[in-house]
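# Please work out how this folds:
(one chain, ligands or ions: 2)
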Amino acid sequence: MFARRIVVVGTGYVGLTTGACLASLGHRVVCSDVNAEKVAQLSRGEVRIHEPGLAELVQEGIAAGRLEFVLGSAGAVADAEVVFLCVPTPMGSGGGADLAVVESVAREVREVLPTGCVLVTKSTVPVGTSARLRELVGRPDVAVVSNPEFLREGSAVHDFLNPDRIVVGSDTQDAAERVAALYARLGAPTVLTDAASAEMVKYAANCFLATKLSYVNAIAELCERLGADITDVTEGMGYDRRIGQAFLQPGPGWGGSCLPKDTAALLQVAEAVEFDFPLLQATISANARQRERMVAKVVDACGGSLDGVRLGLLGLTFKAGTDDLRDSPALEVARLLAARGAELVAFDPGLRGDEPGLPLTLVDDPYRAAKGAAALVLLTEWQEFRTLDWTRVAQELEAPVVVDTRNHLDPDALRRAGLSWRGVGRTPVG
Ligand SMILES: NC(=O)C1=CN([C@@H]2O[C@H](COP(=O)(O)OP(=O)(O)OC[C@H]3O[C@@H](n4cnc5c(N)ncnc54)[C@H](O)[C@@H]3O)[C@@H](O)[C@H]2O)C=CC1
Ligand SMILES: O=C(O)[C@H]1O[C@H](OP(=O)(O)OP(=O)(O)OC[C@H]2O[C@@H](n3ccc(=O)[nH]c3=O)[C@H](O)[C@@H]2O)[C@H](O)[C@@H](O)[C@@H]1O
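Ligands and ions are numbered 1, 2, ... in the order given. Predicted structure coming up:
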């Protein structure tokens, strides 16, 4: 089952993790990309994305002769047994998934794929894409398989090597089994199904997670209005094994490179088959409102206007543990605050030196973000924010107010330092 000749097309969060992890499982892997600089860096073992354990796996794979990086796909696939497509499928203009890159790679490799090779979509693609690719490739001797990926950014290697499940779908059973066999050492439950169902699992799962979060954010708002405490409420809900504790943390809305685009894509797919999906529509619109709600909290904390008001921001990435700013709720809240005239100074431990392309000043220290600010606004739940020296923060701030959009901080620690704390779905403290 080992030492398969595998090609991974696309060396982003998913492709690089897939390539490095499959190499660590004993397979021979070639990763291809169109970005020459990235290929050169990776060939030297340099990983520029923040993913714990990934650089080490890449370096080990290269040293063991099991992992290499090449520019372009056509040359790489000539003797491949399995080719994974891990290229972007961004939100297109109508909200649907844009399959241009997936299709262009399929066109690029279709004539050079060896007989018996399996072409696998690991990119998130709408139901029907495998069938479309089969047509586009037009090779009865090449099977097409859907093998969606469920890893989270920030824990990509861990998630890939410890999956809750492996999903493999194909209308060619033998090809699906060959792909599933690549993961045999992981011992995960494996769902073997048809291609359309595998593609649907991915959207159904991501949209369910988004719905869970929009629901929790709505319950948090209700808690605020009714005097209940969301932290106790979600703890009480989460012990129910049918609900679970995960994904119950309220915040400034869900974001990142996947949940927003995947919810929009499923909605578009539903519309295409004339299926009315108000539940998913509400999940999405509630998320946009949640960002506005965080802005209203800050306006309220600052006495009604943000015009010319200086604010310190803690966190800009879409969640902690990543350097990814794609569709970050924190960035969107920052943009809305700036639009109301606020002057923003931000600190994010994942973004040293980078400019997020917003009208804000990025500083390399949380106390500098607090300096002279009318309020400190926590937007991303970095662990190190919990242990700030709150007395020092209080000295730096112009007004002693902290708005915690993730309920991440200890309100009592802030109160002891003379700061007032305002969270989400909880009674303000101080
Ligand atoms: N980021 C995540 O956590 C997850 C992403 N996914 C899905 O996986 C897919 C890839 O996502 P990411 O890895 O985040 O994307 P990414 O943007 O991090 O990486 C994509 C890579 O593909 C390369 N690329 C672009 N065009 C190419 C071409 N024609 N030939 C070869 N390489 C090309 C880019 O240079 C880049 O290195 C998307 O469909 C996404 O929805 C699925 C699960 C998790
Ligand atoms: O398809 C994908 O790309 C991936 O999308 C998400 O992973 P990821 O985008 O890395 O981020 P999550 O950890 O799911 O967080 C998404 C957003 O929800 C927010 N969130 C998450 C959990 C929570 O309790 N509360 C909350 O507000 C996060 O802050 C973030 O903005 C899914 O969790 C992965 O299973 C999936 O593979």
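
# So what does Phe247 look like in phi/psi?
Per-residue torsions, Phe247: phi 60, psi 40 (degrees, to the nearest 10).

# Tell me how far it lies from ligand 1.
Look at Phe247 and ligand 1: by Cβ to the nearest ligand atom, to the nearest Å, they are 15 Å apart. The way it works is simple: take the backbone N, C-alpha and C, and place the C-beta from them, glycine included.

# hang on, that residue packs against Ala210?
No. The criterion here is Cβ atoms under 8 Å, and Phe247 misses it with Ala210 at 9.4 Å.

# Counting neighbours around each, name which of the two comes out higher.
Ala210 (24 against 17; other Cβ atoms under 10 Å).

# Now do the same for that one: helix, strand or coil?
helix (DSSP: H, G, I helix; E, B strand; the rest coil).

# residue ranges of the helices in the stretch 1-150 of the chain, please?
13-24, 36-43, 54-63, 100-109, 129-137 (DSSP state H, counting those that start in this stretch).

# most packed of the ones you listed?
Of the helices of the stretch 1-150 of the chain, the one with the most neighbours on average (mean count of other Cβ atoms under 10 Å) is helix 13-24, at a mean of 26.

# Could I have the CA atoms of that one written out in CSV?
Only the C-alpha atoms of helix 13-24 are listed here, as CSV (Å, rounded to 0.1, in the frame of the first residue of the first chain):
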residue,chain,number,x,y,z
TYR,A,13,-2.7,25.2,3.2
VAL,A,14,-4.3,22.1,1.9
GLY,A,15,-1.9,21.0,-0.8
LEU,A,16,1.3,21.5,1.2
THR,A,17,-0.2,19.7,4.3
THR,A,18,-1.5,16.9,2.1
GLY,A,19,1.9,16.5,0.4
ALA,A,20,4.0,16.6,3.5
CYS,A,21,1.7,14.4,5.5
LEU,A,22,1.4,11.7,2.8
ALA,A,23,5.2,11.8,2.5
SER,A,24,5.4,11.2,6.2
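
# tell me the angle that helix makes with helix 36-43.
30 degrees (axes from the mean of the first three to the mean of the last three Cα atoms, to 10 degrees).

# quick one: helix 13-24 to chain centroid distance?
Offset of helix 13-24 from its chain centre (Cα atoms, centre = their mean, to the nearest Å): 16 Å.

# same deal with stretch 135-153?
With Cα atoms, centre = their mean, you get 21 Å for stretch 135-153.

# ok, is that stretch in contact with ligand 1 or not?
Yes. Judged by Cβ under 6 Å from any ligand atom, stretch 135-153 comes into contact with ligand 1 at 149, 151, 153.

# Just confirm the second one is within a helix.
I take that to be Leu151. No. Leu151 sits outside any helix when classified using three-state DSSP, being coil.

# OK, contacts around it?
13-14, 17, 159-160, 163 (Cβ atoms under 8 Å, 6 or more residues apart in numbering).

# what do you get for the first one?
Going by Cβ under 8 Å, 6+ apart, Glu149 touches 14, 18, 86, 122, 124, 160, 202.

# Minimum distance to ligand 1, which residue of this structure gives it?
Going by Cβ to the nearest ligand atom, ligand 1 is nearest to Gly12 of the chain, at 1.7 Å.

# what's the distance between that residue and Glu149?
For Gly12, the distance to Glu149 equals 11 Å [Cβ to Cβ, to the nearest Å].

# Overlap of the contact sets of those two?
Common contact partners of Gly12 and Glu149 (Cβ under 8 Å, 6+ apart): Cys86.

# What's the separation between the nearest residue to Ala156 once chain neighbours are set aside and Asp159?
Leaving aside its sequence neighbours, Ala156 sits nearest to Thr17 (Cβ to Cβ, 6 or more residues apart in numbering; 4.3 Å). Here the distance between Thr17 and Asp159 works out to 8 Å (Cβ to Cβ).

# got it, and Leu113?
Using Cβ to Cβ, we find Leu113 at a distance of 29 Å from Asp159.

# Gly169 should be in a helix, yeah?
No. Applying three-state DSSP, one finds Gly169 to be strand, outside a helix.

# hang on, it packs against Lys202?
No. Checked against Cβ under 8 Å, the pair Gly169 and Lys202 is beyond contact range at 9.9 Å.

# so what's Val47 closest to, chain neighbours aside?
In this structure, Val47 finds its nearest non-sequential neighbour in Ala55, 4.0 Å apart by Cβ to Cβ, 6+ apart.
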